[in-house]
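**Student:** Provided below for reference: sequence and predicted model.
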Amino acid sequence: MIYADDGSLSQEQRLMRDSCRAFVDDAVTPFIRSNWQREWDMSPGERLPRSILEGAETIGVRTLGVPEAHGGVDLEHDTEVRTFALISEEIARGDSGLADKLVQNWKVSILLREFAPKHLQDKWFPRLLADPQFLLAHCLTEPRGASDRWLPYNVPEAAMHTKAVLKDGHWVINGRKQFISNGFDASLYVVYANTDTSVGMLQGTSSFLVPRDTPGLTVTKCNETMGCRFMNNGELVFEDCRVPADHLLVQNTALGSAGKYFRAGKIIQAAKNLGVGVACFERTADYVQNYVQGGRILIKHQAVALRLADMATRIEAVRSLIERASRAVDEGHPDMDALCNMAKVYASEEIMKVATHALELHGGNGAMLEFGIEKLFRDAAIFLHMDATVDVSRMKIIKTMFPATAGKYAGPEN
Amino acid sequence: MRIMVAVKRVVDPNVKVRLLADGSGIDLTGLKMTMNPFDEIAVEEAVRLRELAIASEVLVVSIGPDKATETLRTALAMGADRGLLIKTDAPIEPLSVAKLLRAAAIEEKPDLILLGKQAIDDDCNQTGQMLAAQLGWAQGTFASNLAVEGDAVTVTREVDGGSQTVRLVLPAVITVDLRLNEPRYASLPNIMKAKKKPIAERQPADYGIVVEQRLEIVRLEEPAGRLAGIKVGSATELVERLRSEAGVLS
């Protein structure tokens, strides 16, 4: 129980899951358990020791999405999203911040392989493969708009504030991005910017490849978060930041083109979230079978047992929905847009309840930093807001189900 | 030099096992299975010799049901070149394993056979020795270090209270111990690449071998449960009980 059923997985998926689990059990969990202070190191670059990403390299998990022709790996296409889900769950079971660090690389690698010109793939994929600390980031969110942009506001007023203009063979980017996963650490960014102010976001947003050392790009700060603290969010400012014309990935329809990846992204969010839930259950099940209260181990107290059952049930329900949604995305099922958002939003609320039980069943220990349960609680809480808030996700579900009637735009403020 | 490595599919050592109700064996229903950890060390050593260009090919062999291909696939993902499954659903004992491996060795002509010193499920520690005897090859057991030099291999053996170094002339059978190396993970890219590596399949009958069951498990018992702890009244009583009851002080 609580884990993926082996019978539902292919041989490769089982072997990959086993390698990820071995790495997490050997390297990640021991580090997290014995270094709780590292989360609060206010030099973000120093929080996660380099050895962890070097260790991740031994299972080749940082460079999924890099095509085989460039030294990466091609997963089975018709089960790719399911495999992403399985792997991200396993890594997040060790640390959800680490999982987020890694999955950003997969997502951006997919964009590069789909949209970047060959000579830029030839340039960047080898660099990505060669350096275990090389991270990628994907810059959508701005101070004045993020997932709320996906609400029914496809009008010029809701467009991105970051703008790009073609001038003398270069795209000149101006604007500000914030809360960017890996934003503080990444070496290469995919940046979304408005390129047509006369239309809505879906018709007027383009994507660009921007190397970190491009003049005019400044990483201004790490956006400090309450959970997933081993992944460093970042704020970036673009001031007349010039990239060559060939660094344009998709012109005007970048958000639609990235749709394939957005769906996988929702599933990966839910799967990482599930990994946090599994860690909550494992820690708690162990604790209540060893900690003695009133002369009996905790699990013999019926109220404790009931909470544990509730944790397991919620985990299984989340897993089932993730499996259904990831299959839908892999198969291109018509319901996939609703299902991937359902999985994401359901996981965030259910695993929060799982984490709450974990905290409760650990009593006072649950609230102590050195015990590590409060970390799981904080990590779970992040998912309520990462990659769309709960309410925005719900709006998207209903918009998908009732596109003609739900959530009509009321028009700009007078 | 060509290397053959034997790998066994066993219950994951991290899993808590339960006995069948009649005590005749372990209930394997739904249990997570994995490669015998000592065999992983053997595969790792073979792959390292291959990477050093001392070995030209690494063949991995497993004997068991269809699902043992997963164990072979893991070894291929670690870097072995090809696999051989000798398929049988019957329970199989060390002597039968040794006979089958001998037959495979005669067909495949490896210069060196590596095996784990024992499997963690039945802890027999017999197969390597029986195989060497049947082939009439040199044997080095419990290897914690090995170095190939020309047509010989120097093996450091873990023996009681120290180590013993022996020199074997190839072909040879070596069983490996825990300290020989630290096996790598099967990386995700290599797991995908391993899909394309060949796994041949044979039946025991193809080698003219009938798998016989010569041993009968009379009974398996779980270790006795841990007794409840007690509270002692004083340090003096604690020392006294440690001496008289626990026997840890003299």
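**Tutor:** Sure, I can see it.
**Student:** how about the strands in the chain?
**Tutor:** All of this refers to chain A. Using DSSP state E, the strands of chain A run over residues A:136-139, A:163-167, A:170-180, A:188-194, A:205-211, A:217-223, A:233-244, A:248-250, A:292-293, A:296-297.
**Student:** that's the wrong chain, I meant chain B
**Tutor:** B:2-6, B:9-11, B:33-35, B:57-64, B:82-87, B:112-116, B:138-149, B:152-159, B:162-169, B:172-176, B:199-202.
**Student:** tell me which of the ones you listed sits nearest to chain A.
**Tutor:** Nearest to chain A among those is strand B:33-35; the distance by Cβ to the nearest Cβ comes to 7.1 Å. (Glycine included, C-beta is placed from N, CA and C.)
**Student:** what average pLDDT does the closest one get?
**Tutor:** Mean pLDDT, computed over strand B:33-35, is 94.
**Student:** please produce a markdown table containing the strands of chain A, extended by distance to A:Gly65, mean pLDDT and mean neighbour count.
**Tutor:** Listed next are the strands of chain A as a markdown table, based on distance: least, Cβ to Cβ, whole Å; pLDDT from 0 to 100; neighbours: other Cβ atoms under 10 Å in any protein chain shown:
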| stretch | distance to A:Gly65 | mean pLDDT | mean neighbour count |
| --- | --- | --- | --- |
| strand A:136-139 | 9 | 96 | 26 |
| strand A:163-167 | 25 | 97 | 16 |
| strand A:170-180 | 18 | 97 | 20 |
| strand A:188-194 | 13 | 97 | 25 |
| strand A:205-211 | 15 | 97 | 24 |
| strand A:217-223 | 23 | 97 | 16 |
| strand A:233-244 | 21 | 98 | 20 |
| strand A:248-250 | 15 | 95 | 20 |
| strand A:292-293 | 48 | 88 | 11 |
| strand A:296-297 | 45 | 92 | 12 |
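**Student:** now the ones you listed in a markdown table, with distance to B:Ile41?
**Tutor:** Output for those, formatted as a markdown table (distance: least, Cβ to Cβ, whole Å):
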| stretch | distance to B:Ile41 |
| --- | --- |
| strand A:136-139 | 36 |
| strand A:163-167 | 55 |
| strand A:170-180 | 44 |
| strand A:188-194 | 39 |
| strand A:205-211 | 43 |
| strand A:217-223 | 42 |
| strand A:233-244 | 42 |
| strand A:248-250 | 46 |
| strand A:292-293 | 39 |
| strand A:296-297 | 37 |
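**Student:** most distant residue from the middle of chain A?
**Tutor:** A:Gly295 (43.6 Å; Cα atoms, centre = their mean).
**Student:** would TSV of the strands of chain B with mean neighbour count and distance to A:Arg327 be doable?
**Tutor:** Compiled in TSV, those are given as follows (neighbours: other Cβ atoms under 10 Å in any protein chain shown; distance: least, Cβ to Cβ, whole Å):
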stretch	mean neighbour count	distance to A:Arg327
strand B:2-6	26	37
strand B:9-11	20	29
strand B:33-35	22	25
strand B:57-64	25	31
strand B:82-87	21	30
strand B:112-116	28	38
strand B:138-149	19	47
strand B:152-159	18	49
strand B:162-169	13	53
strand B:172-176	28	42
strand B:199-202	15	28
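**Student:** now those in JSON lines, with distance to A:Tyr261?
**Tutor:** What follows is those, written out as JSON lines (distance: least, Cβ to Cβ, whole Å):
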{"stretch": "strand B:2-6", "distance to A:Tyr261": "41"}
{"stretch": "strand B:9-11", "distance to A:Tyr261": "38"}
{"stretch": "strand B:33-35", "distance to A:Tyr261": "34"}
{"stretch": "strand B:57-64", "distance to A:Tyr261": "38"}
{"stretch": "strand B:82-87", "distance to A:Tyr261": "36"}
{"stretch": "strand B:112-116", "distance to A:Tyr261": "44"}
{"stretch": "strand B:138-149", "distance to A:Tyr261": "48"}
{"stretch": "strand B:152-159", "distance to A:Tyr261": "52"}
{"stretch": "strand B:162-169", "distance to A:Tyr261": "55"}
{"stretch": "strand B:172-176", "distance to A:Tyr261": "45"}
{"stretch": "strand B:199-202", "distance to A:Tyr261": "35"}
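**Student:** distance to chain A added to the ones you listed, as JSON lines?
**Tutor:** As requested, the strands of chain B are exported to JSON lines (distance: least, Cβ to the nearest Cβ, whole Å):
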{"stretch": "strand B:2-6", "distance to chain A": "17"}
{"stretch": "strand B:9-11", "distance to chain A": "13"}
{"stretch": "strand B:33-35", "distance to chain A": "7"}
{"stretch": "strand B:57-64", "distance to chain A": "14"}
{"stretch": "strand B:82-87", "distance to chain A": "13"}
{"stretch": "strand B:112-116", "distance to chain A": "17"}
{"stretch": "strand B:138-149", "distance to chain A": "21"}
{"stretch": "strand B:152-159", "distance to chain A": "23"}
{"stretch": "strand B:162-169", "distance to chain A": "27"}
{"stretch": "strand B:172-176", "distance to chain A": "19"}
{"stretch": "strand B:199-202", "distance to chain A": "11"}
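**Student:** for A:Met160, find the nearest of those strands.
**Tutor:** For A:Met160, the closest of the strands of chain B is strand B:33-35, at 49.3 Å, according to Cβ to Cβ.
**Student:** strand partners (parallel or antiparallel) of that closest one?
**Tutor:** Paired strands of strand B:33-35, with direction, are strand B:9-11 (antiparallel) (DSSP bridges).
**Student:** related to what we said a few turns ago, tabulate the strands of chain A (TSV), appending distance to chain B.
**Tutor:** Compiled in TSV, the strands of chain A are given as follows (distance: least, Cβ to the nearest Cβ, whole Å):
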stretch	distance to chain B
strand A:136-139	17
strand A:163-167	35
strand A:170-180	26
strand A:188-194	21
strand A:205-211	24
strand A:217-223	29
strand A:233-244	26
strand A:248-250	25
strand A:292-293	10
strand A:296-297	11
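**Student:** get me the contact residues on chain B for chain A.
**Tutor:** B:32, B:34, B:69-70, B:73-74, B:77, B:184-193, B:195 (Cβ under 8 Å from any Cβ of the partner chain).
**Student:** from the residues you listed, which would you call buried?
**Tutor:** The neighbour count (16 or more other Cβ atoms under 10 Å in any protein chain shown) marks B:34, B:69-70, B:73-74, B:77, B:184-193 as buried among those.
**Student:** looking at the residues you listed, which is nearest B:Asp27?
**Tutor:** Checking these one by one against B:Asp27 (Cβ to Cβ), the nearest turns out to be B:Thr34, at 17.0 Å.
**Student:** that'll do, ta.
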